[in-house]
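Visitor: sequence and predicted model, in that order:
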Amino acid sequence: MANKSGKAYALTTLCPINDGRVVNDKGIECESYDKAVRRLLQDIPLNEDSFFARVDNTYFARLFILNDVFFQQGNDFQQDHLKSKYLCFNSNFHGELEPYLTQMWNDCEAEVRNVWQYCVGFNRVNTALEFITYIKACQLKTTLFFNGSNDESLTKQLKALYVKQMFSEFVLTQQGKSASETKTNFKYFLQRVQLNNLESPSWKPAQSELTP
């Protein structure tokens, strides 16, 4: 399954959602499972507060519901439809699949259980290994990768974004200054950004706003 490009991995999964309805504490059937999943996805915090921000080396991740697609076959335009609604999980990340899913389970088990709870067969998932097996069973071949990862770890990319931001601000503040003054200020700039320190100062995972 050609889902790797260098050290970057592209994961696409389609997890079928159970056909049925949520039963409340009074034994009354409420919303359908697919609507419940959609509500849960809408409640996931974004950017820095997303649980994906806690999973190392995530370039980006996306969850959505695939309701249906149809294909027209032959001259009579016979339509084929999906038999289930699916929870679609896409993630591009740096590294290997199994370590990535292991950390996702270990660090975000509560969120994973919450999101996947209405999917077919997920009630039998109770360990990181079982989660890996489950995701692999739902995995599709991925041919389109996130453009811009440069095959580097997320830590390196966040540092590069931070330096780029700070350098742009530095250039703006040096307008009209003499060459000698700019040279002196550039030395302070290099001290401030600490090019060889990848951890700090830097952007945080999933950071959404430019900050000093």
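Guide: Looks like it arrived, so ask away.
Visitor: for the residue nearest to Glu31 when sequence neighbours are not counted, which residues are in contact?
Guide: Excluding its sequence neighbours, the residue lying closest to Glu31 (Cβ to Cβ, 6 or more residues apart in numbering) is Val22, at 5.6 Å. To be clear about C-beta, it is placed using only N, CA and C from the backbone, and glycine gets the same treatment. By Cβ atoms under 8 Å, 6 or more residues apart in numbering, the contact list for Val22 reads Glu29, Cys30, Glu31, Ser32, Tyr33, Ala36, Tyr118.
Visitor: filter those residues to the buried ones?
Guide: The neighbour count (16 or more other Cβ atoms under 10 Å) marks Ser32, Tyr33, Ala36, Tyr118 as buried among these.
Visitor: so the first one sits right up against Arg38, yeah?
Guide: Read it as Ser32. No - in this structure Ser32 lies outside contact range of Arg38 using Cβ atoms under 8 Å: 9.5 Å.
Visitor: how close does the residue nearest to Glu31 sit to Gln117?
Guide: 10 Å (Cβ to Cβ, to the nearest Å).
Visitor: how about Thr127?
Guide: Distance from Thr127 to Gln117, by Cβ to Cβ: 16 Å.
Visitor: more neighbours, these two?
Guide: Higher neighbour count among Thr127 and Gln117: Gln117, with 16 against 12, using other Cβ atoms under 10 Å.
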